[in-house]
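Chemist: Fold the stuff below for me.
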Amino acid sequence: MGMGALIDTWVGWQEIIFGEDYAPIVQVKLRGVQDIHVAMKYLEPLTHIEDLCLDGTSVTDGDLECIQNMKSLVSLDLSNNPITDAGLERLERLTRLRFLTLDNTQTTDAGVKRLCRKLPRLQVKRASAKANPPCPNSSSVP
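Modeler: You can find the predicted model right below:
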């Protein structure tokens, strides 16, 4: 069963078992999923997600369009993906986002600074960051 079918089945079963009042899915970890482009389309309607891990899934800047409306998102891990500053711009609408992990991405200090100006409470972790992190709440790992 593909990832899209799996997510679709899970959401479908929640609706059958719990009716319209089912508890929303708030945490999704797709670490290492290879067919992420299909899975992202199934994640788009899950707007109550608070914690999303996409570490090592080959998610791209374009794929991030699918999470722009996840207004409840608090924590996002985009590590080990070809994300650039263009992808960070797609996160600017996520006003509840507090924790962003960007280890081993193609983001720059300038892109992270721009995002932090839009989301001043955001804490960013980047293993590739220089000794002086670009945001007041950020950390770098050598």
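Chemist: Strands of this structure, start to end?
Modeler: For the chain, strands defined by DSSP state E occupy the ranges 27-29, 51-53, 75-77, 99-101, 123-126, 139-140.
Chemist: in the second one, what's buried?
Modeler: In this case it means strand 51-53. By neighbour count with 16 or more other Cβ atoms under 10 Å, strand 51-53 contains the buried residues Leu52, Cys53. C-beta here means a position set from N, CA and C on the backbone, and glycine is covered the same way.
Chemist: partners of it, with directions?
Modeler: In the sheet, strand 51-53 lines up against strand 27-29 (parallel), strand 75-77 (parallel) (DSSP bridges).
Chemist: So which of those strands is the most surrounded?
Modeler: Most buried of the strands paired with strand 51-53, by mean neighbour count (mean count of other Cβ atoms under 10 Å): strand 75-77, with a mean of 21.
Chemist: what's that one in contact with?
Modeler: The contact list for strand 75-77, computed with Cβ atoms under 8 Å, 6 or more residues apart in numbering, reads 50-55, 67, 91, 94, 97-101.
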